[in-house]
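Engineer: model this:
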Amino acid sequence: MYKNLAAALAAACLFLAPTAFSQPAAAGAAQQPGPVKAGFVYVSPITEAGWTRQHEEGRRAVEAALGPQVRTTFVENVAEGADGERVIRDLAATGHQIIFTPSFGYMEPTLKVARDFPDVKFESITGYKTAPNVATANARYYEGRYLAGVAAGRMTRSHVAGFVAGFPIPEVLQGINAFTLGMRSVDPKATVKVVWLNAWFDPPKERDAAMALFNDGVDVVAFHTGSAAVMAAAQERGRFAIGYHSDMRQVGPDAQILAVTHQWGAYYTERVRAVREGRWKSGNVWGGVREGMVRVEGFGSKVPPAVQKEVLARQEDIARDRLHPFRAGASPVRDNTGREVIAPGRTLTDEQILRMDWFAEGVQR
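Structural biologist: This next block holds a predicted model:
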């Protein structure tokens, strides 16, 4: 996940958006004689839900799809920086042919190790710097956020939602704004109150932030953090929440409206298969609903069928490019100071989305 604003802004100029995972086999490509050794480095413990859980599910999907053609290794709860470099280097030195590093703070350590192991392939997930043996990938999380906002707008009674956020960087701003725009598309009076944690994974702080929002009149809360603590808080207080990264109904069976889930299995499997078949190439992917990397699912028992149907229909619209969260209709989209940020009938480019530094009308922070 992005760790600082300056680096994230630089990423905007470099990130591309391919729409498919597969690559044509290179001429003369040779198949690996034995199983591919694939390594995974996780920034937090493997919990029952959250960021790391979804990448662990991706690793398991690789094993299920490729069977004896792959052997995987994972190391969890690895701090970014020096510890990350040490673990990545150890995996490279012990014969792993492809190493996935899913946290933004692993980007520089990954590049450093990659220079010393030119025959090993590296996948920097949420990073933006590539090299001949380093690829990058990320997901269009904002698409799921917009859909969640539609559901939240239908379920709120107070017209006030909350958002527990990690760091004020473009990826998070995209989510806050898309959530707000989705919510206001069905509830024009809706507002969103934001609490910043300056942490990605801190369950006690996540819980406290959610409780503070509930005390401030919020009846629906979303979050961009790494655990299920916000969902647990919503369940405890009898409020609604949007699951993120994973389906969190096991934590909030009454609280969850839906979950915005991230699906890494297909991407990871394809990249390992490409190594095995000798056709892996560096590149970058920014995939969303259309590519199956982001989706909404796990509707809670209190969500009416009509709301579920509406959200799923809009998800299909996004997949078919009939709907874009950052496309203005007949009226412009304005930020929370009144400034026009999307002209009528216009859609933000990927570069503009990746450079996002404003808050949509209705966001309170």
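Engineer: Enumerate every residue touching the most centrally placed residue in the chain.
Structural biologist: The centroid of the chain falls nearest to residue 141 when counting by CA atoms, centre = their mean (4.7 Å). The neighbours of residue 141, taking CB atoms under 8 Å, 6 or more residues apart in numbering as the test, are 171, 174, 175, 260, 262, 294. Every C-beta, even on glycine, is put in place using the N, C-alpha and C of the backbone.
Engineer: So which of these sit within strands?
Structural biologist: When DSSP state E defines the strands, the subset of those inside them is 260, 262, 294.
Engineer: The residue nearest to the centre of the chain and residue 219: what is the separation?
Structural biologist: 23 Å (CB to CB, to the nearest Å).
Engineer: next one: residue 342
Structural biologist: On the measure of CB to CB, residue 342 and residue 219 end up 28 Å apart.
Engineer: before we move on, what about residue 76?
Structural biologist: On the measure of CB to CB, residue 76 and residue 219 end up 35 Å apart.
Engineer: Which of the two has more residues huddled nearby?
Structural biologist: Set residue 76 next to residue 219 and count neighbours by other CB atoms under 10 Å: residue 219 wins out with 20 against 16.
Engineer: pretty sure the more buried one contacts residue 157?
Structural biologist: Yes. With contact defined as CB atoms under 8 Å, residue 219 counts as touching residue 157 (5.9 Å).
Engineer: in which helix or strand would I find the nearest residue in space to residue 364 that is not next to it in sequence?
Structural biologist: In space, and not counting its chain neighbours, residue 364 is closest to residue 193: 4.8 Å by CB to CB, 6 or more residues apart in numbering. Taking DSSP states H and E as the criterion, residue 193 maps to strand 191-196.
Engineer: For that strand, enumerate its sheet partners and note whether each is parallel or antiparallel.
Structural biologist: strand 160-165 (parallel), strand 363-364 (parallel) (DSSP bridges).
Engineer: Let's have the ones you listed in a markdown table, adding mean pLDDT, mean neighbour count and distance to residue 42.
Structural biologist: Formatted as a markdown table, these follow (pLDDT from 0 to 100; neighbours: other CB atoms under 10 Å; distance: least, CB to CB, whole Å):
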| stretch | mean pLDDT | mean neighbour count | distance to residue 42 |
| --- | --- | --- | --- |
| strand 160-165 | 98 | 26 | 21 |
| strand 363-364 | 96 | 17 | 31 |
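Engineer: and the gap between residue 238 and residue 219?
Structural biologist: From residue 238 to residue 219 the distance is 9 Å (CB to CB).
Engineer: And the helices in this structure?
Structural biologist: 5-11, 51-66, 82-93, 107-116, 141-155, 170-186, 203-215, 229-237, 265-276, 305-319, 350-354 (DSSP state H).
Engineer: Let me know whether residue 100 touches residue 267 as I believe.
Structural biologist: No. Look at residue 100 against residue 267 with CB under 8 Å: they stay out of range, at 9.5 Å.
Engineer: out of the two, which sits in the busier spot?
Structural biologist: residue 100 (31 against 23).
Engineer: Tell me the bridge partners for the more buried one.
Structural biologist: Counting by DSSP bridges, residue 100 is bridged to residue 40, residue 123.
Engineer: any weak-confidence spans in the stretch 1-150 of the chain?
Structural biologist: 1-32 (pLDDT under 70).
Engineer: Give me the distance between the residue nearest to the centre of the chain and residue 68.
Structural biologist: From residue 141 over to residue 68 (counting by CB to CB), the distance is 34 Å.
Engineer: likewise residue 92?
Structural biologist: Taking CB to CB, one finds residue 92 at 23 Å from residue 68.
Engineer: And those two? Which one has more around it.
Structural biologist: More crowded of residue 92 and residue 68, by other CB under 10 Å: residue 92, with 20 against 8.
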